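> The following block contains a protein sequence and its predicted model.
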Amino acid sequence: MSVLAGKELRIVGFLCNWCSYGGADTAGVARATQPTDLRIVRVPCSGRIDPLFILRALLHGADGVLVSGCHPGDCHYAEGNYYARRRLEILKQFLPVLGIDPRRFEYTWISASEGQRWQLAVTKFTQQIHELGAAPAFENAEKLIQIADMALTALRPLGTGQHAALADLKKAIVEKLPELDCVIGWQQSYDAAHSAPLFMRKPEDVEKLVWGPLNVNNLATYLPQYKGKKVGIVVKGCDSRSVTQLLQEGLINRDDVVVFSMPCEGTLDMARINQALGAYQHIDKVAYDEAGVSITADGKEHRFCMVEYAQGKCYSCATPGAVLADVRLGTPTPVTGTPATPPELALLDSMSLSERFAFWHTQMERCIRCYACRNACPMCVCRDYCVAESRDPHWLTQEDTATEKFFFQTIHALHLAGRCTGCGECQRACPVGIPILALRQQIARAVAQTFEGYRPGMNAKATPPLMGFTVEENNIKEKDWNK
Amino acid sequence: MITRYFPADALTKVVASLADERRVLIPVTQPAVKKSVIFAPFSAGMTVELHKASVAPKEAVLPQCETLLTYSKQKDAEDPSKVNLVLDDKPQAQPTIVFGCRPCDARGFAVLDRPYLDGPFIDPYYQARRKQLIVITQTCPSVGTTCFCHWVGSGPNSTTGSDIMLTAIDGGYVLEAVTEKGEALLAGMKLEDGAPFMDKAKTARGTVEAQLAPAPDLTQAQEKIAARFNDNTFWEEQTAQCLSCGACTYMCPTCYCFNITDEGDGVCKAGRRLRTWDTCMSPLFTREASGHNARMSKAQRMKNRISHKFSTYPENWGGEFSCNGCGRCINNCPVNLDIRAIVLAAINEKGA
């Protein structure tokens, strides 16, 4: 375990200046024997530790990361470690979905006088890392191809919204239009089997508005760029959660947005639809009935039942009606039962850690770094100032390695912790079909488990869990080094 | 020109024989709920299937990321006070065949050649790869809903940018050389003569050609789009849907812009200079060191993309559009933004 034995592993420690760094010093002054694997980075406060420090270390060759700060209640800055505790706990629950052993990361609280406790923590942690051995390198992961099972059961009957009050909706929009800059909805795209966002500015534009299972885009993505202008938006239930989340974060003003809603009966998974349609030149007919849609392309009819071809998120959707709306038409179907684990996340759950590592490596290799995932995300609001392309901070290089691409996905997921409403636009937008939504879903699951079932985008007045703390956390347990 | 024929079941064997001496990039389907097809090197055990790729094969000449140079500082063995700088800027190129791309992909190489090879400066990295590249193009077996190659001077059987054309006929494939490079390769292949099958190949090509819907007249596009330069309202309306991601440009066979970044390995010891794809749809593309950005809004960026493809590139390079009509930017766009509609709107309505 010592340098002399030549068996040192790479362990990075992030220690707060006021307590734990002092604690390590106390241990040193007392000549307490300690393993030498740890490389310490001193930070002003554990609240300064961005979870990305830890992830970057782990993805770039660290075998373990130890974070230590002042005991809760003793923070030099009063509450820095309360925030840190929540962030670090979510990170710890996030690591397994990436394929990283969560035991490679621990956080703990050690005061400046606790030299012995420091000695115990660093010895036990180093021992723990040595038991796990050197961390596998992401770039060396083997190839593993697995595909999620999309045979799912919905919480409510899925349909095509053929009885929706579209005419009434159009009338309501025309009425409101004079006081609005524009109303955002959906229209037919390049053919009748695809839809695209519609920006209604004149009453005649409203005629183009369509409603149905092809309306996949989450239009809330456009709202922040209209801040300061009065706009209308047509929402599905899931989209309304994004609107709520934007309101909660003050990224849009409630008075400036008019929300039009109709109950959503589910949307189609365009990836699978396009696959089934194959190469075609012309759409002859798109016929809807209550159970699904029949698309005739080049004379060949394809049948898509909603129960089979809905987007993964629609099966576990519990908000077919909007969470908030100014104009609400129709009543959503009641939802019963508890949502199942989303398909891609369930697939990852069934894998071992090394399989997950291999899975992600295989997936990320084909990423072209177009950032459609980021730009389609309604909660990615840094827009032109994303760290993905920044040189300062220099989180990422422009190299096309799977590690760099994967690290970006973890940045996106972590920046969405407690904010992601699970709309799935990131994954839908990916032109090469990487199932990145699962990363966000794991964080959402960790947030819900840790913070009493908190779901982002349900209440514009709620405090997001990672923006707050409680002195005693119900579901966060302190690491016991004596075990 | 030399022609060759091989039966359909020999496809993988033919590719394998080519792969003995070179890297052969073939379209490979990536299994996922949302499948994609990406050009990847052929290796033993693969089965060749000629699907249209999701991402154009420009990777063969312009990789997503390439190291332009590496440097390191080394202490002089003779004089320890001296530090020598070791610099390696040799292009890394290897003989490559792109097998089974479509005419819209192949035309991309011709579009890229002009700025990289025919302008005042020759790009040595591009040149090294391009010299060693042979393009074997499959004539299009079908027309897609977002295809518009025949609008922009290409077509399902266009030979621009290709060295050899491959046409699927009943029960087999016909190879036809179109350049000397292609001819040399075909001459060395131990395959049946293709002459007896040429009639069938021509029929197959004609069938697809006949499926094309009439193309609009784009002869005025260059002037009309240029005339729209100051029509901000037009560009703002056309761009409202755009999310400013780079999917359209990275999927595009003709987009050739790049970024250069330096990465240090350790403190002042060694480093690399990287060239990576860049996209004009990103706000960073025009952000200057001062912080000023010449194209602040997505409308200005879209104006640049459309104008470059249909106005300024043709202005610089003999009237050729730098759009091949492959349709990737349409069906891979997260919001299905249709470049055809923008171009038509720009030339049909009255200019500003």
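In hand now; what should we look at? Just so it is clear, the structure is predicted and the values come from calculations on it, not from any experiment.
> Could you report the distance from B:Val83 to B:Ala77?
As judged by C-beta to C-beta, to the nearest Å, B:Val83 and B:Ala77 stand 12 Å apart. Bear in mind the C-beta positions are built from the backbone N, C-alpha and C, glycine included.
> more neighbours, those two?
B:Val83 (11 against 8; other C-beta atoms under 10 Å in any protein chain shown).
> where does chain B dip in pLDDT?
B:349-352 (pLDDT under 70).
> Name the residue closest to the centre of it, please.
By C-alpha atoms, centre = their mean, chain B has its centre lying nearest to B:Pro253, at 2.5 Å.
> mind listing the helices for the stretch 201-350 of chain B?
Taking DSSP state H, counting those that start in this stretch as the criterion, the stretch 201-350 of chain B contains helices spanning B:221-227, B:232-239, B:247-251, B:298-307, B:313-316, B:328-331, B:339-348.
> Just put those in a markdown table and tack on distance to A:Gln188 and mean neighbour count.
Listed next are these as a markdown table, based on distance: least, C-beta to C-beta, whole Å; neighbours: other C-beta atoms under 10 Å in any protein chain shown:
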| stretch | distance to A:Gln188 | mean neighbour count |
| --- | --- | --- |
| helix B:221-227 | 25 | 19 |
| helix B:232-239 | 17 | 17 |
| helix B:247-251 | 20 | 25 |
| helix B:298-307 | 21 | 21 |
| helix B:313-316 | 31 | 18 |
| helix B:328-331 | 14 | 23 |
| helix B:339-348 | 12 | 18 |
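> ok, which stretches of the stretch 301-450 of chain A are helices?
Under DSSP H, counting those that start in this stretch, the stretch 301-450 of chain A gives helices at A:306-309, A:312-315, A:343-349, A:353-364, A:372-376, A:402-415, A:425-429, A:437-450.
> Of those, flag the one that's most buried.
helix A:425-429 (a mean of 27; mean count of other C-beta atoms under 10 Å in any protein chain shown).
> Quick one: list the elements packing against that one.
Applying 3 or more C-beta pairs under 8 Å, 6 or more residues apart in numbering or on different chains; DSSP states H and E, one finds that helix A:425-429 contacts helix A:372-376, helix A:437-450.
> Can you say which of the ones you listed is nearest to A:Gly312?
A:Gly312 sits nearest to helix A:437-450 of all these, at 7.6 Å, using C-beta to C-beta.
> hmm, back to that, so which of the helices of the stretch 201-350 of chain B is nearest A:Thr336?
Across those, closest to A:Thr336 is helix B:328-331 (C-beta to C-beta), at 37.7 Å.
> In PDB, could you pull the C-alpha coordinates for the closest one?
Extracted as PDB, the C-alpha positions of helix B:328-331 are listed here (Å, rounded to 0.1, in the frame of the first residue of the first chain):
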ATOM      1  CA  ARG B 328     -30.000  14.600 -44.200                       C
ATOM      2  CA  CYS B 329     -30.300  18.100 -42.700                       C
ATOM      3  CA  ILE B 330     -34.100  17.700 -43.100                       C
ATOM      4  CA  ASN B 331     -34.800  14.300 -41.600                       C
END
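> Now look at it and say if it contacts chain A.
Yes - Helix B:328-331 lies within reach of chain A by C-beta under 8 Å from any C-beta of the partner chain, at B:330-331.
> List the neighbours of that helix that are in contact with it.
A:190, A:274, B:54-56, B:144-146, B:247-249, B:251-253, B:336-340 (C-beta atoms under 8 Å, 6 or more residues apart in numbering or on different chains).
> same question, stretch A:126-134
By C-beta under 8 Å, 6+ apart, stretch A:126-134 touches A:1, A:7, A:9, A:11, A:35, A:37-38, A:63-64, A:101, A:103-104, A:106.
> Just the ones of those residues in strands?
A:11, A:38, A:64, A:106 (DSSP state E).
> quick one: pLDDT of the last one?
The reference is to A:Glu106. We have a pLDDT of 98 for A:Glu106.
> wait, isn't it in contact with A:Asp480?
No - using C-beta atoms under 8 Å, A:Glu106 makes no contact with A:Asp480, being 10.9 Å away.
> The two: who's more crowded?
More neighbours surround A:Glu106 than the other of A:Glu106 and A:Asp480, with 20 against 8 (other C-beta under 10 Å).
> quick one, what contacts that one?
Here A:Glu106 is in contact with A:64-67, A:125, A:128, A:479 (C-beta under 8 Å, 6+ apart).
> Just give the nearest non-adjacent residue to the residue in the stretch 51-200 of chain B that chain A sits nearest to, would you?
Nearest residue of the stretch 51-200 of chain B to chain A: B:Cys65, at 3.9 Å (C-beta to the nearest C-beta). In this structure, B:Cys65 finds its nearest non-sequential neighbour in A:Asp400, 3.9 Å apart by C-beta to C-beta, 6 or more residues apart in numbering or on different chains.
> Near that neighbour, how many other residues are there?
19.
> gap between A:Val234 and B:Thr239?
On the measure of C-beta to C-beta, A:Val234 and B:Thr239 end up 20 Å apart.
> and the residue of chain B nearest chain A?
Counting by C-beta to the nearest C-beta, chain B gets nearest to chain A through B:Lys34 (3.0 Å).
> Would you agree that residue is in contact with A:Gln311?
No - applying C-beta under 8 Å as the test, B:Lys34 and A:Gln311 come out as separate, 11.1 Å apart.
> quick revisit: for A:Pro332, which of the helices of the stretch 201-350 of chain B is the nearest?
The nearest among the helices of the stretch 201-350 of chain B, by C-beta to C-beta, is helix B:328-331 at 31.9 Å.
> gap between B:Arg273 and B:Asp262?
Counting by C-beta to C-beta - B:Arg273 and B:Asp262 are separated by 5 Å.
> quick one: contacts for the residue of chain B closest to chain A?
A:271-272, A:275, A:430, A:432-433.
> can I get the helices of the stretch 301-450 of chain A in JSON lines with mean pLDDT and distance to B:Thr219?
Listed next are these as JSON lines, based on pLDDT from 0 to 100; distance: least, C-beta to C-beta, whole Å:
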{"stretch": "helix A:306-309", "mean pLDDT": "96", "distance to B:Thr219": "43"}
{"stretch": "helix A:312-315", "mean pLDDT": "94", "distance to B:Thr219": "47"}
{"stretch": "helix A:343-349", "mean pLDDT": "96", "distance to B:Thr219": "49"}
{"stretch": "helix A:353-364", "mean pLDDT": "97", "distance to B:Thr219": "44"}
{"stretch": "helix A:372-376", "mean pLDDT": "97", "distance to B:Thr219": "34"}
{"stretch": "helix A:402-415", "mean pLDDT": "97", "distance to B:Thr219": "42"}
{"stretch": "helix A:425-429", "mean pLDDT": "97", "distance to B:Thr219": "35"}
{"stretch": "helix A:437-450", "mean pLDDT": "97", "distance to B:Thr219": "46"}
